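Student: Need coordinates for the below:
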Amino acid sequence: MATGLREEMASIAQKGLLQPKETLSELKQKSNSLYIGIPKEISFQENRIALTPLSVALLVNNGHKVLLESGAGTGANFSDNDYSEQGAIITFNKKDVFDADIIVKIAPPTVEEIELMHKGQTLISALQMGALKESYLKALMDKKINALCFEHLRDEGNILSVVRAMSEIVGATSIFIAAEYLSSVTGGKGLMLGGFTGVPPTEIVILGAGTVGEYAARTALSLGAEVKVFDSSIYRLRRLQNNLGSRVFTSVMQPIVLGKAVTTCDVVIGAIRATHGRSPCIIMEETVARMKPDSVVIDVSIDQGGCFETSEVTNHKDPVFRKHDVIHYCVPNIASRVPRTASYALTNIFTPILVDIGDMGGLMNVVWNRPGIREALYIYQGHLTSKTLANMFNLPFKDIELLVVANQ
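Tutor: Have a look, this model is predicted:
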């Protein structure tokens with residue numbers, strides 16, 4: 001009798017122990033476990049990384065696997081140890097990273113990296129349409145890759161989230177760069193950017209009233225500089241005034257007014273973007289030649305060709321050159337100058353998307369439910385879903401909504 005009771009109690013206890021395991025098993029089935037690879041960036045002077053260690057910890061705690069190539073976070077001052085402590089697997093083999101189901105990186109993969117990828121992978125990276133080649137698209141299409149370009153990612157407010165975040169960083173950083181090159185230590189005229197009692201403030205001219213222009217103006221005003229903003233759009237100028245909450249000098253692109261402002265100021269920041277193609281060249285060489293000696297020109301638009309006639313592409317190791325005794329700073333990737341801050345901004349955008357892909361049962365469900373992500377998808381299961389790219393290279397186009405419905 002006692003033996004039978006013991007066996008019955010043991011059976012009840014065993015069922016009690018099994019219950020949490022069954023529940024855990026059900027949870028695992030509901031959650032789509034992701035295998036995420038983060039390769040080391042090999043693009044010239046690209047120091048950012050798409051996911052920070054704390055974001056990796058969040059993904060690992062959600063049941064996902066993260067594989068990181070050794071040294072991937074070094075440029076942003078994150079060590080391999082920082083990542084391994086948060087649950088990432090560190091590998092020295094690039095091939096292992098590209099075996100992951102989802103690849104998250106900053107620069108587009110090279111042709112050699114695409115060869116390492118397998119069919120049906122998901123790629124989240126930049127697209128960089130200015131340097132895009134047909135061979136790159138065809139290589140991804142041949143491997144039936146699902147490719148998202150983060151330049152086209154939109155948030156719930158229909159804002160280009162990555163573009164906005166990077167523009168905010170670039171706008172603020174451009175003012176600190178100006179302050180650096182106004183200093184006599186770097187060969188400048190020895191001015192402190194800003195001003196204080198009894199000393200006239202530094203004069204800064206900003207071309208463009210977009211996000212870069214707004215954050216440049218915001219930072220310059222906070223340092224006490226005198227700011228003048230020029231743009232061809234009254235709407236953008238009015239929006240900038242409202243967002244700053246303080247009155248600054250604004251003007252449309254009147255050649256005489258603009259010429260006078262540029263030739264008498266200490267710093268000119270060119271932040272005019274083109275929707276497609278090259279940015280407009282606003283400041284001619286003869287105007288630059290009339291600028292004050294040791295003035296500073298920062299051409300943020302240099303990745304689209306630049307808005308100064310005298311601009312030439314430079315890099316972070318050799319960032320400036322002099323022309324007509326004016327200091328020119330024309331580095332295309334200014335955000336990589338502050339890679340840790342930029343990485344934090346990027347990880348805040350990418351991590352929720354990856355969590356959603358897991359929680360919602362795959363990329364297809366996220367694409368179907370999130371229009372902002374659907375817009376960033378340019379290749380789906382090997383089909384080109386961007387009409388702009390299809391027209392650019394005369395390639396066949398497939399409507400993403402029809403493809404998703406067909407795969408339901």
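Student: in what helix or strand does the residue sitting nearest the centre point of the chain lie?
Tutor: Closest residue to the average C-alpha location of the chain: Val162 at 4.6 Å, with Cα atoms, centre = their mean. Secondary structure assigned from DSSP states H and E places Val162 in helix 161-182.
Student: Quick check: buried residues in that helix?
Tutor: Judged by neighbour count (16 or more other Cβ atoms under 10 Å), helix 161-182 contains these buried residues: 161-175, 177-182. Where you see a C-beta, it was placed from the backbone N, CA and C, and this is true even at glycine.
Student: do stretch 39-58 as well
Tutor: Buried-residue list, stretch 39-58, by 16+ other Cβ under 10 Å: 39-41, 43, 46-53, 55-58.
Student: which residues in the stretch 1-150 of the chain form helices?
Tutor: Counting by DSSP state H, counting those that start in this stretch, the segments of the stretch 1-150 of the chain that form helices are 2-30, 53-61, 80-84, 94-97, 111-116, 134-142.
Student: Compare the mean pLDDT across these and name the weakest.
Tutor: Mean pLDDT values for the helices of the stretch 1-150 of the chain show the minimum at helix 2-30, a mean of 42.
Student: which regions of this protein lie under the pLDDT threshold?
Tutor: Residue ranges of the chain with pLDDT under 70: 1-31, 276-277, 403-408.
Student: and the gap between the nearest residue in space to the residue nearest to the centre of the chain that is not next to it in sequence and Val205?
Tutor: What sits nearest to Val162 in space, not counting adjacent residues and going by Cβ to Cβ, 6 or more residues apart in numbering, is Phe150, at 4.5 Å. Separation of Phe150 from Val205 (Cβ to Cβ, to the nearest Å): 31 Å.
Student: do the same with Leu132
Tutor: 33 Å.
Student: Who has more neighbours out of those two?
Tutor: Val205 (25 against 15; other Cβ atoms under 10 Å).
Student: what helix or strand is that one on?
Tutor: Val205 is part of strand 203-207, with elements assigned from DSSP H and E.
Student: quick one, the next helix or strand after that strand and helix 161-182 angle?
Tutor: Note on strand 203-207: by DSSP H and E, the next helix or strand toward the C-terminus is helix 211-222. On the basis of axes from the mean of the first three to the mean of the last three Cα atoms, to 10 degrees, helix 211-222 is oriented at 40 degrees to helix 161-182.
Student: List the buried residues for helix 211-222?
Tutor: By 16+ other Cβ under 10 Å, the buried positions in helix 211-222 come out as 211-221.
Student: do the same with stretch 292-304
Tutor: Applying 16+ other Cβ under 10 Å to stretch 292-304 flags 294-304 as buried.
Student: start to end distance for it?
Tutor: One end of stretch 292-304 to the other measures 26 Å (Cα to Cα, to the nearest Å).
Student: So what does the residue lying closest to Leu221 once chain neighbours are set aside look like in phi/psi?
Tutor: Nearest residue to Leu221 in three dimensions, chain neighbours excluded: Val227, at 5.7 Å (Cβ to Cβ, 6+ apart). Backbone torsions of Val227, given as degrees, to the nearest 10, read phi -120, psi 130.
Student: Hmm, Val227 is touching Arg218, no?
Tutor: No - here Val227 lies out of contact with Arg218, judged by Cβ atoms under 8 Å, at a distance of 9.2 Å.
Student: Return every residue with contacts to both of those two.
Tutor: The overlap between the contact sets of Val227 and Arg218 (Cβ atoms under 8 Å, 6 or more residues apart in numbering) is empty.
Student: Tell me the buried residues in stretch 109-125?
Tutor: Buried-residue list, stretch 109-125, by 16+ other Cβ under 10 Å: 109, 113-114, 116-117, 121-125.
Student: Quick one: the buried residues of helix 211-222 as CSV, columns for distance to Ile379 too.
Tutor: Listed next are those as CSV, based on distance: Cβ to Cβ, whole Å:
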residue, distance to Ile379
Thr211, 28
Val212, 29
Gly213, 33
Glu214, 33
Tyr215, 33
Ala216, 35
Ala217, 38
Arg218, 38
Thr219, 38
Ala220, 41
Leu221, 43
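Student: Closest to Ser84 out of those residues?
Tutor: Set against Ser84, the nearest of the buried residues of helix 211-222 by Cβ to Cβ is Tyr215 (35.4 Å).
Student: The residue lying closest to Val111 once chain neighbours are set aside and Gln381, how far apart?
Tutor: Leaving out its chain neighbours, the residue that sits closest to Val111 by Cβ to Cβ, 6+ apart is Ala139, at 6.1 Å. As judged by Cβ to Cβ, Ala139 and Gln381 stand 15 Å apart.
Student: which stretches of the stretch 201-350 of the chain form strands?
Tutor: Applying DSSP state E, counting those that start in this stretch to the stretch 201-350 of the chain gives strands spanning 203-207, 226-230, 249-251, 267-270, 296-299, 320-323, 326-329.
Student: Compile these into JSON lines and extend it with columns for distance to Arg236.
Tutor: Below are the strands of the stretch 201-350 of the chain laid out as JSON lines (distance: least, Cβ to Cβ, whole Å):
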{"stretch": "strand 203-207", "distance to Arg236": "12"}
{"stretch": "strand 226-230", "distance to Arg236": "9"}
{"stretch": "strand 249-251", "distance to Arg236": "9"}
{"stretch": "strand 267-270", "distance to Arg236": "15"}
{"stretch": "strand 296-299", "distance to Arg236": "19"}
{"stretch": "strand 320-323", "distance to Arg236": "29"}
{"stretch": "strand 326-329", "distance to Arg236": "24"}
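Student: looking at the ones you listed, which is closest to Val313?
Tutor: Using Cβ to Cβ, the nearest of the strands of the stretch 201-350 of the chain to Val313 is strand 296-299, at 9.3 Å.
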